[in-house]
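S.K.: predicted model, plus sequence, below.
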Amino acid sequence: MTRRASAAALDFPTAHVIGLQVQPADVDAYEHVNNAVYLTWLDRAAWSHSAALGVPLERCLALRRGMAAQRIEIDYLRAAVRGDRFEAATWIVAADGRLRAERRFQIRRVPDGATLARARVDYVCINLDSGRAARMPEMFARAYIVTAP
């Protein structure tokens with residue numbers, strides 16, 4: 001779901017936000033969410049946003065094109081623990097309409113609004129058959145436009 005959020009709540013005013021909850025398998029031996037789980041949450045938010053923009057997985061498979069992560073940066077700010085409810089917000093902050101797009105993410109705990117993590121992911125359009133970079137299909141270029149500064 002894409003929504004407008006208050007500037008105090010999220011890093012940018014317009015966000016695509018999904019709600020999630022920490023699952024028992026997400027928690028590691030340190031009794032907090034393992035850092036690798038955050039990447040899964042980012043992926044879920046990105047796929048949800050892509051579908052909302054008209055680029056669901058099925059279209060990617062039919063076109064034999066997809067956006068593949070090239071670089072990922074995650075800043076872990078606070079620990080998520082068993083039972084936490086949180087939201088994962090995403091924005092497209094750069095897109096060239098040809099090959100590349102960049103998303104930002106913010107993971108926030110719902111009850112107190114605390115930001116648990118922020119991330120940046122650089123994507124490149126690829127040919128799903130060869131794995132090589134390929135020009136974005138027209139529908140990708142129209143869908144993946146900048147939604148935040």
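M.R.: Yes, it's here. Residues are numbered from 1 along each chain as shown.

S.K.: so where's the chain shaky on pLDDT?
M.R.: 1-8 (pLDDT under 70).

S.K.: and the strands in it?
M.R.: 2-4, 14-21, 65-76, 85-95, 100-109, 115-127 (DSSP state E).

S.K.: list the residues that contact the residue nearest the centre of the chain.
M.R.: What sits nearest the mean C-alpha location of the chain, by CA atoms, centre = their mean, is Ala46, with 3.5 Å. By CB atoms under 8 Å, 6 or more residues apart in numbering, the residues touching Ala46 are Thr90, Arg103, Phe105, Val121. Quick note: C-beta positions are derived from backbone N, CA and C, even for glycine.

S.K.: now with 7 Å, please.
M.R.: Thr90, Arg103 (CB atoms under 7 Å, 6 or more residues apart in numbering).

S.K.: where is the longest helix in the protein?
M.R.: Longest helix of the chain, by residue count under DSSP state H: helix 35-52.

S.K.: relative to Arg78, how far out is the closest residue to Pro56 other than its chain neighbours?
M.R.: Closest residue to Pro56 apart from its sequence neighbours, by CB to CB, 6 or more residues apart in numbering: Ser50 at 6.8 Å. Between Ser50 and Arg78 the distance is 27 Å, computed by CB to CB, to the nearest Å.

S.K.: okay, the two: which has more neighbours?
M.R.: Ser50 (23 against 14; other CB atoms under 10 Å).

S.K.: against Asn34, how distant is that one?
M.R.: Using CB to CB, one gets 25 Å for the distance from Ser50 to Asn34.

S.K.: check Tyr123 too.
M.R.: 24 Å.

S.K.: burial of the residue lying closest to Asn35 once chain neighbours are set aside, as a residue count?
M.R.: Take Asn35 and drop its neighbours on the chain: the residue closest to it by CB to CB, 6+ apart is Tyr76, 6.3 Å away. Applying other CB under 10 Å, we find 15 residues neighbouring Tyr76.

S.K.: hmm, Tyr76 is touching Ala119, no?
M.R.: No. In this structure, Tyr76 is not within contact of Ala119 by CB atoms under 7 Å, at 9.4 Å.

S.K.: any common contacting residues for those two?
M.R.: Taking CB under 7 Å, 6+ apart as the contact criterion, no residue touches both Tyr76 and Ala119.

S.K.: give me the distance between the residue of the chain positioned farthest from its centre and Gly113.
M.R.: Distance from the C-alpha centroid of the chain peaks at Ala29, with 26.1 Å (CA atoms, centre = their mean). As judged by CB to CB, Ala29 and Gly113 stand 28 Å apart.
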